[in-house]
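Peer 1: okay, predicted coordinates and the sequence, questions at the end:
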Amino acid sequence: METADWLHQPPPQRHRWHLPWIQTLALIAFWWLAQSLTMFLHWPIPGSLLGLVLLWALLDRGLVKLGWFEHGADGLLKHLMLFFVPAMLAAVDHPEFLSLLGLKLLVTVFVSTLVVMGGTACVVEIGFRLHRHVAAH
Amino acid sequence: MLPLIKALFWCACTLGIYLASRRLHRSQGRWWSSPLLVTWVGCGLLIVTAHASYREYLSGTHWLVWLLGPATVAFAIPMHRHRALIRRHWLLMCVGVTAGSILAVSSSWLLASAFHLSPELRASLLPRSVTTPLAMDASARLGGVPELTAVFTALTGLFGAAVGESLLHILPVRSPLARGALFGMGAHGAGVAKALEIGQEEGAVASLIMIFAGQVAVIAAVIVAGFLKRW
C-alpha cells in the first residue's frame, strides 16, 4: 500500500548532480517558480498544477532530460503520504466525529468509493470492448 | 525556546513513527500496517495523550505539508515515463476519468445530502477520490476544509485498496485498462500500489488515471469557484 512501489527503480547514479536531494531541491525551485508565475499573472490555477503541466511539456519536447529530475521525483513521491499526515491530524480538533456524524461520514466515503470503483471499471471495460469490436471490423 | 523544542519534538515524533511504520509495513504488508494509517493514528494518540493542541503540532510539521506542492510537480515524471500508454489509450482514459469524476462528485453529494451534513462537510467530501495534494486544493476552492478532505481522501484510499481486489472478482472486467482505472480512480495513491501488485500495466494505468483525475478535479473546482463568485 505504499506509493513507492509503482515507481520504477532509478538507474545507478553517475554524476554528482544526479544526487536525489539536489534533484529534490531543483523540483522545489521549479515549483516555486511556477507558483510565483501564477501569482504574478493572477492566474486562478494552483502553481503546483502549472508546474506539473510545464515540466511535463518540457520533458515531452526534450528541453528537460528525465535524468535531471527523476531521482528527486521518485524520492518525493515515495514519501508523499508523510506530507499529508500533518493535515490529516486536524481530525484531533474534531472530537464530534466520534459520534453518529463520524459514522455517517464513514458510510458516505465507503459507499461512494464502491460506486466510483465499480462504475469507472465498467465504463472503461465497455469502452475497451467497443474499441476492440470496431477495430476488428 | 520552549516553542522551538516543542516543534522539534513533534517533527521528530512524526518522522520517527513514519520510519518505524515503513519497516513494520515491509514485514507485515497488510492494509492495517499502512504507514499512512499507523503514522496518523500514532501521532493522533500522542497529541491527545500529551494534551497538546493541533496548532502546536503543526508548528513543527507544517513544512511537510508545504512539500505537497513540489511532490505534485513530480507527477510529471511518471506521466513522461508512461507516455506511450497515454498515446495509445488517451481517449479511454479520458472517458474513465470523466465517468469516475461525475460518479464521485454525485454519489458524495447525494449521500451527504441524505445524511443532512453541513455544506462545509459536503464540499470537503466532494474531491475525495483524487490524490491528496490536488484534492486539498480543490476542496479549499469549493469552500471545504482542506484538512478534513485529507482525512476523507486517506480513508477513501485505504478502503478502496482493501476492497478493490474483491471487487475485481465480482465485476466482469478483464482488460488491464479497466482494472487499472478501478484502482486509480477509486483509491488514488494506495490503489496504484495495489494495482501494481496485480500487474505492471494495471499499475501504470492506475497512476495515470490518478494524476489525470486530480488535474480534472482542480480545473473543475477553479471553474465552479469562478461561477460561484460571479453570482
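Peer 2: Structure's in. What do you need?
Peer 1: longest helix in chain A, by number of residues?
Peer 2: helix A:100-136 (DSSP state H).
Peer 1: show me the contacts for the residue of chain A positioned farthest from its centre.
Peer 2: Farthest-out residue of chain A from its mean C-alpha position, per CA atoms, centre = their mean: A:His137, at 38.3 Å. Shown in contact with A:His137 (CB atoms under 8 Å, 6 or more residues apart in numbering or on different chains): no residues. (Glycine included, C-beta is placed from N, CA and C.)
Peer 1: first vs last residue of stretch B:74-87, how far apart are they?
Peer 2: Terminal residues of stretch B:74-87 are spaced 20 Å apart (CA to CA, to the nearest Å).
Peer 1: meant to ask about stretch A:89-96, not that
Peer 2: Stretch A:89-96: ends 14 Å apart by CA to CA.
Peer 1: buried residues in it?
Peer 2: A:Leu89, A:Ala90, A:Ala91, A:Val92 (16 or more other CB atoms under 10 Å in any protein chain shown).
Peer 1: roughly how far out does that stretch sit from the chain middle?
Peer 2: 25 Å (CA atoms, centre = their mean, to the nearest Å).
Peer 1: what do you get for stretch A:75-86?
Peer 2: The answer for stretch A:75-86 is 10 Å, by CA atoms, centre = their mean.
Peer 1: distance between the ends of it?
Peer 2: Termini of stretch A:75-86 sit 19 Å apart (CA to CA).
Peer 1: in terms of secondary structure, what does the helix or strand harbouring B:Ala161 contact?
Peer 2: Assigned by DSSP states H and E, B:Ala161 falls within helix B:146-170. With contacts taken as 3 or more CB pairs under 8 Å, 6 or more residues apart in numbering or on different chains; DSSP states H and E, helix B:146-170 sits against helix A:80-88, helix A:100-136, helix B:35-49, helix B:119-125, helix B:132-141, helix B:176-198.
Peer 1: list the contacts for residue 128?
Peer 2: You didn't say which chain, so I picked chain A. Applying CB under 8 Å, 6+ apart, the residues near A:Phe128 are B:Leu92, B:Ser175, B:Leu177, B:Ala178.
Peer 1: looking at chain B here, not the other one
Peer 2: A:Val109, A:Ser112, B:Ala104, B:Ser108, B:Ala135, B:Thr149, B:Phe152, B:Thr153, B:Leu155, B:Thr156.
Peer 1: just among those residues, which is most surrounded?
Peer 2: Within those, B:Thr153 tops the neighbour count with 32 neighbours, counted by other CB atoms under 10 Å in any protein chain shown.
Peer 1: for that one, list the residues it contacts.
Peer 2: B:Thr153 touches A:Phe84, B:Pro127, B:Arg128, B:Ser129, B:Val130, B:Thr131, B:Thr132, B:Ala135, B:Met136, B:His188, counting by CB under 8 Å, 6+ apart.
Peer 1: make JSON lines out of those and add pLDDT and distance to A:Leu101.
Peer 2: Shown next, in JSON lines, are the contacts of B:Thr153 (pLDDT from 0 to 100; distance: CB to CB, whole Å):
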{"residue": "A:Phe84", "pLDDT": "89", "distance to A:Leu101": "22"}
{"residue": "B:Pro127", "pLDDT": "94", "distance to A:Leu101": "20"}
{"residue": "B:Arg128", "pLDDT": "92", "distance to A:Leu101": "16"}
{"residue": "B:Ser129", "pLDDT": "91", "distance to A:Leu101": "21"}
{"residue": "B:Val130", "pLDDT": "93", "distance to A:Leu101": "24"}
{"residue": "B:Thr131", "pLDDT": "93", "distance to A:Leu101": "26"}
{"residue": "B:Thr132", "pLDDT": "92", "distance to A:Leu101": "22"}
{"residue": "B:Ala135", "pLDDT": "95", "distance to A:Leu101": "21"}
{"residue": "B:Met136", "pLDDT": "94", "distance to A:Leu101": "21"}
{"residue": "B:His188", "pLDDT": "90", "distance to A:Leu101": "24"}
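Peer 1: let me know the closest of those residues to B:Ala7.
Peer 2: B:Ala7 has its nearest neighbour among the contacts of B:Thr153 in A:Phe84, at 18.8 Å by CB to CB.
Peer 1: send me stretch A:122-130 as CSV with only the CA atoms.
Peer 2: In CSV, the C-alpha atoms belonging to stretch A:122-130 read as follows (Å, rounded to 0.1, in the frame of the first residue of the first chain):
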residue,chain,number,x,y,z
CYS,A,122,-17.4,-0.9,-16.0
VAL,A,123,-17.4,2.2,-18.2
VAL,A,124,-13.8,1.7,-19.2
GLU,A,125,-14.4,-2.1,-19.9
ILE,A,126,-17.4,-1.3,-22.1
GLY,A,127,-15.3,1.3,-24.0
PHE,A,128,-12.4,-1.1,-24.4
ARG,A,129,-14.7,-3.9,-25.8
LEU,A,130,-16.4,-1.4,-28.2
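Peer 1: any idea how far chain A is from B:Phe115?
Peer 2: 4 Å (CB to the nearest CB, to the nearest Å).
Peer 1: separation between that residue and A:Val115?
Peer 2: B:Phe115 is 15 Å from A:Val115, where distance means CB to CB, to the nearest Å.
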